[in-house]
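Peer 1: predicted model and sequence follow; I will ask about them next.
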Amino acid sequence: MLYIVMVTPSCNLSCSYCGGSLVGMPQEITYGVGKLAGIIEKDSESVVAFYGGEPLLRPDIVKNFLSVLPAKRFVLQTNGYFMRKLGDDVKKFDTVLLSIDGRKEVTDRYRAPGCYDKVMDALRFLKEKGYEGDVIARMAVSKYTDIYEDVTHLLQFFPHVHWQLDVVWSPLWELHEFEKWAESSYMPGIEKLVALWADEIKKGNVPGIVPFLGIMKRMIWGGKAGKGLPCGAGREAVAITTDGRVLACPIAGEFLWNELGNKIDVLQSFKKVEIGEPCASCDVYDICGGRCLFAYKERLWGDEGFRAVCRVTKHLIRQLEEVKDIVISHLAEIEDELKYPPFNNTTEIIP
């Protein structure tokens, strides 16, 4: 199970697509960490991910939880501003996700002036400390993004790059703007990116483009990896608020449908979240899994918007289907790299 621990609802940034700090939970953790530790101890495949807000606004809590939670693996999602406060404890993480949206001008336009440089400093810090875990550039993709240019830029510095589309609840644009951008920029950019990825695989290289890896993993091996939401929300992944409520998804703490229980004890037994129609009977459901629980439940762009996001998802999947044979023909050389992620590291796979 993936346990997403919300360290604080506060954030030092107010990104244009987000708005900053979370609402609906106290600033301080009010539940007993011993109770959580006892539950995690019984889970031999436990993954604990620190989340916010910005979790490193409270490095004291993160360091304490690293020492007392008996998880098999640890993950950190951070904007990078306070990475150096972790000191040597950073080496305890199996995966670090750094929020960066592409090239410097794009990142700073969405997030804050100087944000790009802060992330690059965090990356330098990881290298200085001899960090050996996975590092993921975690992008938000919106109206100013060129998916090909921004992903290929980040691949120069990061072993893995993942992105999530800024859709449905975005304050930056409306549905008609998204559809125009998707047609003129995003989908052609995906085609170029897939072509580049396939060309590199022919050479024995596997660019760490997380959505491509995760989707191809499902296409080739299927099985358990192809059942339900890729992020595992409400099934193999839960979020724990600062007041000890258990959520299916960390981004929707104020919605009753998202609450699995109001006490940590529910982690030992809760009703699993299911995805229904129109996703369950869709021809790409085994790959997509329903894409995003929040978008499925809260159709803020209506059914028309739901279909528009599905359209770009299907386009991505179809493009990868076209290069599947190339990947399979080189499988003996690249199988280990292709089986990504090796555990639920909070990358949702489907953008």
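Peer 2: That came in fine, so what should we check first?

Peer 1: name the residues that touch stretch 222-238?
Peer 2: Residues outside stretch 222-238 that contact it (CB atoms under 8 Å, 6 or more residues apart in numbering) are 1-4, 214, 217-218, 246-249, 260, 267, 270, 272-273, 275, 286-293, 344, 346-350. C-beta here means a position set from N, CA and C on the backbone, and glycine is covered the same way.

Peer 1: what residues sit buried inside it?
Peer 2: By 16 or more other CB atoms under 10 Å, the buried positions in stretch 222-238 come out as 225-226, 228-238.

Peer 1: repeat for stretch 140-155
Peer 2: Neighbour-count burial for stretch 140-155 [16+ other CB under 10 Å]: 140-148, 150-155.

Peer 1: just to revisit the earlier point, which of the contacts of stretch 222-238 are buried?
Peer 2: By neighbour count, with 16+ other CB under 10 Å, those hold 1-4, 214, 217-218, 246-249, 260, 267, 273, 275, 287-293, 344, 346-350 as buried.

Peer 1: can you show me the helices along the protein?
Peer 2: Along the chain, the segments classed as helices by DSSP state H run 33-41, 59-68, 104-110, 115-128, 147-154, 175-181, 187-202, 210-221, 285-288, 293-297, 302-322, 324-329, 331-338.

Peer 1: does anything pack onto the longest one? Which helices or strands?
Peer 2: When contacts are defined as 3 or more CB pairs under 8 Å, 6 or more residues apart in numbering; DSSP states H and E, helix 302-322 packs onto helix 175-181, helix 187-202, helix 210-221, helix 285-288.

Peer 1: my guess is L293 meets V273, correct?
Peer 2: Yes. Contact status for L293 versus V273: in contact at 6.6 Å, counting by CB atoms under 8 Å.

Peer 1: return every residue with contacts to both of the two.
Peer 2: In contact with both L293 and V273: L229, A233, G234, A248, using CB under 8 Å, 6+ apart.

Peer 1: adding distance to G204 and pLDDT, write those out as TSV.
Peer 2: Formatted as TSV, these follow (distance: CB to CB, whole Å; pLDDT from 0 to 100):
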residue	distance to G204	pLDDT
L229	33	90
A233	35	94
G234	39	92
A248	40	95
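
Peer 1: farthest pair in those?
Peer 2: Distances among those were taken as CB to CB; the most separated pair is L229 and A248, at 9.1 Å.

Peer 1: hey, what's in contact with both of those two?
Peer 2: What both L229 and A248 touch, as defined by CB under 8 Å, 6+ apart, is the set V273, L293.

Peer 1: I'd like the distance between S10 and F93.
Peer 2: 21 Å (CB to CB, to the nearest Å).

Peer 1: more neighbours: which of these two?
Peer 2: Taking neighbours as other CB atoms under 10 Å, S10 and F93 compare with F93 leading, 23 against 15.

Peer 1: which among the shared contacts of L293 and V273 gets closest to A332?
Peer 2: Once CB to CB is applied, the member of the shared contacts of L293 and V273 that ends up nearest A332 is L229, at 31.0 Å.

Peer 1: spatially nearest residue to that closest one, not counting backbone neighbours?
Peer 2: Spatial nearest neighbour of L229, chain neighbours left out: G289 (4.7 Å); criterion: CB to CB, 6 or more residues apart in numbering.

Peer 1: isn't E200 up against P207?
Peer 2: Yes. Taking contacts as CB under 8 Å, E200 lies within contact range of P207: 5.3 Å.

Peer 1: more neighbours: which of the two?
Peer 2: P207 (20 against 15).

Peer 1: wait, the more buried one touches A198, no?
Peer 2: No. The criterion here is CB under 8 Å, and P207 misses it with A198 at 9.9 Å.

Peer 1: would you pull up how far stretch 71-86 lies from the middle of the chain?
Peer 2: For stretch 71-86, the distance from its own C-alpha centre to the chain's C-alpha centre is 14 Å (CA atoms, centre = their mean, to the nearest Å).

Peer 1: so in that sheet, which strands flank the longest strand anywhere in the chain, and in what orientation?
Peer 2: Longest strand of the chain, by residue count under DSSP state E: strand 134-141. Next to strand 134-141 in the sheet, as set by DSSP bridges, lie strand 95-99 (parallel), strand 160-165 (parallel).

Peer 1: dump those to TSV, plus mean pLDDT.
Peer 2: Formatted as TSV, those follow (pLDDT from 0 to 100):
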stretch	mean pLDDT
strand 95-99	98
strand 160-165	98
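
Peer 1: so which of those is the most surrounded?
Peer 2: Greatest average neighbour count among these goes to strand 95-99 (a mean of 24), per mean count of other CB atoms under 10 Å.

Peer 1: identify the residues contacting that strand?
Peer 2: Outside strand 95-99, the residues that touch it by CB under 8 Å, 6+ apart are 73-80, 90, 111, 119, 122-123, 126, 131, 133-138, 140, 158, 162, 345-347.

Peer 1: what's the answer for stretch 269-288, then?
Peer 2: Everything outside stretch 269-288 that qualifies as a contact, by CB under 8 Å, 6+ apart, is 215, 218-219, 222, 226-230, 233-235, 238, 246, 248, 260-261, 289-291, 293, 296, 310, 313-314, 317, 350.

Peer 1: need the distance between the two termini of that stretch.
Peer 2: For stretch 269-288, the separation between the terminal residues is 26 Å (CA to CA, to the nearest Å).

Peer 1: tell me the pLDDT at E274?
Peer 2: With respect to pLDDT, E274 scores 87.

Peer 1: and for stretch 336-346, what's in contact with it?
Peer 2: So stretch 336-346 is contacted by 2, 4, 45, 47, 49, 51, 73, 75, 77, 94-95, 97, 134, 136, 160, 206, 208, 210, 213-214, 216-217, 220-221, 231-232, 236-237, 327, 331, 347, 349 (CB under 8 Å, 6+ apart).
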